[in-house]
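# Have a look; sequence and predicted model below, questions after that.
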Amino acid sequence: MPKFCANLTWLFRERPLMDRFRAAAEAGFEAVEVLFPYDAPAQDMRDQMIWNGLTFVLMNCPPPNATGGPQGFAAIPGLEDRFRRDFDRTLRFAQVLKPRHIHVMAGVAEGAEAEATFVQNLKWAAAHAPKQSLTIEPINRHDMPGYFLADYDTAARVLDAVAAPNLSLQFDAYHAHRITGDVVGSWAAYGDRAVHVQVAGFPGRHEPAGGEIDYTIFFARLDAEGYGGWVSGEYAPATSTEAGLDWMR
Ligand SMILES: O=C(O)C(=O)[C@@H](O)CO
Ligand SMILES: [Mg+2]
């Protein structure tokens with residue numbers, strides 16, 4: 001089986017954020033991700049990870065405000081200064097939290113100018129933080145209307161244009177199914193560019209088991225290829241988090 005990671009923005013929400021680290025460790029996870037860890041003291045979160053023996057795999061850029069905020073600026077022409085300021089703020093948190101990867105969100109935009117802006121901003125970010133692994137993730141527009149990066153061909157084109165060793169693909173199987181209808185086929189075409197995987201069932205975005213995506217096949221494929229990254233459960237538990245964890249066993 002692959003190495004599984006708990007997305008603490010989606011899982012263990014029965015508890016306050018600071019208590020979710022221990023709950024994840026007690027449930028058998030060795031790694032966690034927190035999408036927007038900007039509303040709690042970074043050192044407290046880091047302490048939780050150390051005390052519970054957890055690897056911190058992923059956080060997102062930019063930091064939205066407490067009420068949510070836009071899903072990124074990296075592909076929005078005219079907001080390059082905003083992107084750079086947010087990226088620097090993310091790096092300040094990352095210095096403490098030490099995430100394996102930072103997911104750089106594109107934002108709501110469309111067209112060639114947006115793609116060129118995305119490429120330029122990512123080139124800047126990759127050079128600005130050369131030791132930090134960065135990712136981009138195709139997200140389906142049913143769940144995130146208007147999101148710029150919503151297909152794998154565009155992601156591959158952007159990765160090629162940026163051509164930075166520290167920028168890779170984040171492959172979310174739930175989005176892949178909504179975008180292409182074929183998770184294993186999409187992985188066959190683009191998985192060699194991926195450093196991080198996220199999973200959820202389809203269509204409900206609940207546990208990665210029993211829906212339209214055959215995770216037995218997908219996980220076997222990851223194992224057969226020797227995929228060495230983490231596979232993160234990024235889903236809304238159908239009942240309680242603990243009651244739904246059979247999928248990882
Ligand atoms: O929506 C997803 O899927 C993600 O992985 C997030 O990074 C977006 O918030
Ligand atoms: Mg995802």
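Thanks, I have it. Residues are numbered from 1 along each chain as shown. Ligands and ions are numbered 1, 2, ... in the order given.

# got a list of what residue 172 touches?
Applying Cβ atoms under 8 Å, 6 or more residues apart in numbering, we find residue 172 in contact with 137-139, 197-200, 234. (C-beta placed from N, C-alpha, C; glycine too.)

# filter these by proximity to ligand 2?
Restricting the contacts of residue 172 to those touching ligand 2 (Cβ under 5 Å from the ion) yields 198, 234.

# In CSV, list the contacts of residue 172 along with neighbour count.
CSV is the format used below for the contacts of residue 172 (neighbours: other Cβ atoms under 10 Å):
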residue, neighbour count
137, 21
138, 27
139, 22
197, 25
198, 25
199, 29
200, 25
234, 24
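
# Among the contacts of residue 172, name the ones in helices.
In helices, judged by DSSP state H, none of those are found.

# The contacts of residue 172 into JSON lines, with extra columns for distance to residue 148 and pLDDT?
Converted to JSON lines, these look like this (distance: Cβ to Cβ, whole Å; pLDDT from 0 to 100):
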{"residue": "137", "distance to residue 148": "11", "pLDDT": "98"}
{"residue": "138", "distance to residue 148": "10", "pLDDT": "98"}
{"residue": "139", "distance to residue 148": "9", "pLDDT": "98"}
{"residue": "197", "distance to residue 148": "21", "pLDDT": "98"}
{"residue": "198", "distance to residue 148": "19", "pLDDT": "98"}
{"residue": "199", "distance to residue 148": "23", "pLDDT": "98"}
{"residue": "200", "distance to residue 148": "21", "pLDDT": "98"}
{"residue": "234", "distance to residue 148": "20", "pLDDT": "98"}
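
# Any idea what the closest residue to ligand 2 within the chain is bridged to?
Closest to ligand 2 within the chain is residue 172: 3.6 Å, counting by Cβ to the ion. Applying DSSP bridges to residue 172 gives these bridge partners: residue 198.

# for this protein, what spans make up the helices?
Assigned helices in the chain, in chain order: 17-26, 42-51, 80-97, 112-128, 152-162, 173-180, 183-190, 215-225 (criterion: DSSP H).

# helices and strands around the second one, which ones?
Think helix 42-51. With contacts defined as 3 or more Cβ pairs under 8 Å, 6 or more residues apart in numbering; DSSP states H and E, helix 42-51 has these neighbours: helix 17-26, strand 55-61, helix 80-97.

# Mind checking those for the one nearest to ligand 1?
Between ligand 1 and the helices and strands packed on helix 42-51, the shortest gap by Cβ to the nearest ligand atom is with strand 55-61, which sits at 4.9 Å.

# Does the closest one reach ligand 2?
No. Using Cβ under 5 Å from the ion, strand 55-61 never reaches ligand 2; the gap is at least 9.1 Å.

# Would you indicate which residues of that strand are buried?
By neighbour count with 16 or more other Cβ atoms under 10 Å, strand 55-61 contains the buried residues 55-61.

# which residue sits farthest out from the middle of this structure?
residue 78 (25.3 Å; Cα atoms, centre = their mean).

# mind listing what it touches?
Residue 78 neighbours (Cβ under 8 Å, 6+ apart): none.

# now, which of the contacts of residue 172 sits nearest residue 165?
Nearest to residue 165 out of the contacts of residue 172 is residue 137 (Cβ to Cβ; 18.4 Å).

# How about that closest one: what's its closest non-neighbour residue?
In this structure, residue 137 finds its nearest non-sequential neighbour in residue 170, 3.8 Å apart by Cβ to Cβ, 6 or more residues apart in numbering.

# Then residue 222?
Nearest residue to residue 222, sequence neighbours excluded (Cβ to Cβ, 6+ apart): residue 2, at 5.0 Å.

# now, of the helices of the chain, which is deepest in the fold?
helix 173-180 (a mean of 23; mean count of other Cβ atoms under 10 Å).
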